[in-house]
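1. model this:
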Amino acid sequence: MQKEIQINTKDDHIIYGTLDSKQNSDTLLIFVHGLSGHKDEHHYFNAVPYFTEKNFDTFRFNFYTREPHSRLLSESSLTTHSDDLKLVINNFKEKYKNIILIGHSFGALIIINTDLSDISKIVLWDPTGELNKIKEKNASFNSDLNKYILHWGMDILINKELADDWQSVDLSKSMKNLKTPCKFIFAGNSSKHKAWEPFLKKIKVKNESVIINGATHGFIEEGVEQKLFEETFDWVKN
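-> Okay, here's the model as predicted:
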């Protein structure tokens, strides 16, 4: 059964999401998209039938969208993303025995910076790492708008606060303090694994990391998405 859900924020925005469920599932997988992403990207949309057939409920949502009263990316920050994710968790925590977060790219940083006290496990798909300078992301600052422009083929406007938050991320501290069992799934043809290697060694809680050979950051290559789901299922099934 599929149901469209709206969650109201304290600052008068609406979070729009899609819940896919089967009867008697006690576990919910919440998918957390990355920077400039959305809930209907292939790896979230196609994950629904894969996991619902295995008796997991799934919820995918947008941090920003064109829908009425939704947030805009240009007005968002890492803090607002984390707060909104916590609202999503709170909306479901009384309905499920287990809630598992699955985040791709920047979505992984959002998860790491969110209160995970009600979360059973997390899975991070080729997670974004620390950022020394926002200009490393092919960005320029527009002083009139007080925002950064990411020149990523199409120009993307982001809040200065989001850039500042990103540059202040301390993964060494975050990994030392992580208390939620976690699995990292890296794309073999991405640079993320190498950047994360020093921080993986600092994790004390139960954890696992794998590399999917031949995969790029978006996991779009033939057969790669299936491997991504299989590796994710291997972690969440027990």
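
2. pass me the low-pLDDT residue ranges in this structure, would you?
-> In the prediction, the chain carries no residues with pLDDT under 70.

3. quick one, helices of it?
-> Using DSSP state H, the helices found in the chain span residues 42-45, 47-52, 78-92, 106-112, 160-167, 171-177, 192-200, 224-236.

4. kindly reformat those helices as CSV containing distance to Ile30 and mean neighbour count.
-> For every residue, glycine as well, the C-beta is placed using N, CA and C. What follows is those, written out as CSV (distance: least, C-beta to C-beta, whole Å; neighbours: other C-beta atoms under 10 Å):
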stretch, distance to Ile30, mean neighbour count
helix 42-45, 10, 17
helix 47-52, 11, 19
helix 78-92, 6, 19
helix 106-112, 9, 24
helix 160-167, 21, 18
helix 171-177, 19, 15
helix 192-200, 21, 16
helix 224-236, 11, 18
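
5. how about these, which one is nearest Asp11?
-> helix 78-92 (8.4 Å; C-beta to C-beta).

6. which other helices and strands contact the closest one?
-> Applying 3 or more C-beta pairs under 8 Å, 6 or more residues apart in numbering; DSSP states H and E, one finds that helix 78-92 contacts strand 2-8, strand 14-20, strand 27-32, strand 57-62, strand 98-104, helix 106-112, helix 160-167.

7. by how many degrees do it and strand 98-104 diverge?
-> Taking axes from the mean of the first three to the mean of the last three C-alpha atoms, to 10 degrees, helix 78-92 and strand 98-104 form an angle of 150 degrees between their directions.

8. quick one, domains of the protein?
-> Under the assignment automatic domain parsing, the domains of the chain span 2-130+169-236, 131-168.

9. most packed of those domains?
-> Ranked by mean neighbour count, these are led by domain 2-130+169-236 with a mean of 18 (mean count of other C-beta atoms under 10 Å).

10. now do stretch 204-218: distance to the chain's middle.
-> Distance of stretch 204-218 from the chain centroid (C-alpha atoms, centre = their mean, to the nearest Å) equals 14 Å.

11. quick one: which of the helices of the chain is nearest Ile14?
-> helix 78-92 (10.3 Å).

12. contacts for the closest one?
-> The contact list for helix 78-92 (C-beta atoms under 8 Å, 6 or more residues apart in numbering) reads 5, 7, 9, 15, 17, 28, 30, 32, 59, 61, 63, 71, 99, 101, 109-111, 113-115, 118-119, 161-162, 165-166, 169.

13. if we use 7 Å, what do you get?
-> Helix 78-92 has contacts (C-beta atoms under 7 Å, 6 or more residues apart in numbering) with 7, 9, 15, 28, 30, 32, 59, 61, 63, 71, 99, 109-110, 113-115, 118-119, 162, 165-166.

14. what do you get for stretch 22-37?
-> 39, 41, 44, 47, 51-52, 55-60, 63, 73, 85, 88, 92, 96-107, 110-111, 156, 236.

15. check the gap between Gly107 and Gly223 for me.
-> 23 Å (C-beta to C-beta, to the nearest Å).

16. so Cys18 is in contact with Arg60, correct?
-> Actually, residue 18 is Thr. It isn't Cys. Yes - using C-beta atoms under 7 Å, Thr18 is in contact with Arg60, at 5.6 Å.

17. got any residues that touch both of those two?
-> Here Thr18 and Arg60 share the contacting residues Lys39, scored by C-beta under 7 Å, 6+ apart.
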